[in-house]
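S.K.: Let's see this in three dimensions:
(one chain, ligands or ions: 2)
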Amino acid sequence: MITIKKTRTSRALKDAVEQLSGVDLSICFQCKKCSSGCPVAKLAKSRPSEIMRQLHLGAGDELLASDLVWMCASCETCSARCPMGIDVAAVMDALRRLALERGAPKPEGDVPLFNRAFLKTVETFGRSYEIGMIAAYKLGTGKLMNDTEKFPAMLKKGKIALLPPRGGDRKTVKRIFRKVKASKGT
Ligand code: SF4
Ligand code: SF4
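M.R.: Numbering: from 1, shown residues only. Ligands and ions are numbered 1, 2, ... in the order given. Below you'll find the predicted structure:
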């Protein structure tokens, strides 16, 4: 069941998401194709179509604490499946950004920390660097030895690289990060 709490910021949240994502929330007709294709919907408490509905009905900033906002893998399956051409993944991006800007309560777990660790390696190396990301994440959680049993096998099979990635256009990636930070005033 969807519960909507209307607050003075309700309209502001819907407007802010529409502005950031470029999505017109009113054209969603709740076919739920986005939810049926989402790889994390079964693990989260809410589904993409529910988030869309809640936003459209005027949910307030409590929506920013939804676990799906942080569990979303930005795979864009929802956007590809939507018969209305709605960029649902962009809506999730907008919600994540607003959650950070408005200091929304973080969901249980360390997903925001994982997100920061991932983005930091992309900013530094121009591409994802798994070992750097894992090290930053584990230092942040303080659980250094958790889930490390598969690490030697992954190294051996070449599933994970010891050295940072080469190539890629680091300068351009750094410029993009600088621009985003400047636009957010961070
Ligand atoms: S697939 Fe598109 S129209 Fe259908 S529920 Fe999801 S966002 Fe709405
Ligand atoms: S982009 Fe996020 S919400 Fe959309 S299908 Fe992928 S994980 Fe689910």
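S.K.: Distance from stretch 82-98 to the middle of the chain?
M.R.: Offset of stretch 82-98 from its chain centre (Cα atoms, centre = their mean, to the nearest Å): 10 Å.
S.K.: Mean confidence (pLDDT) on it, please.
M.R.: The average pLDDT for stretch 82-98 rounds to 94.
S.K.: What lies in contact with that stretch?
M.R.: Stretch 82-98 has contacts (Cβ atoms under 8 Å, 6 or more residues apart in numbering) with 13, 16-17, 20-25, 27-29, 31, 33-34, 48, 51-52, 55, 63-64, 66, 68-70, 72, 74-76, 78-79, 104, 115. Where C-beta positions appear, they are placed from N, C-alpha and C, glycine not excepted.
S.K.: rerun that using 7 Å as the cut-off
M.R.: 16-17, 20-23, 27-29, 31, 33-34, 48, 52, 64, 69-70, 72, 74, 76, 78-79 (Cβ atoms under 7 Å, 6 or more residues apart in numbering).
S.K.: What subset of those is buried?
M.R.: Using 16 or more other Cβ atoms under 10 Å as the burial test, the contacts of stretch 82-98 include 16-17, 20-21, 23, 28, 33-34, 48, 52, 64, 69-70, 72, 78-79 as buried.
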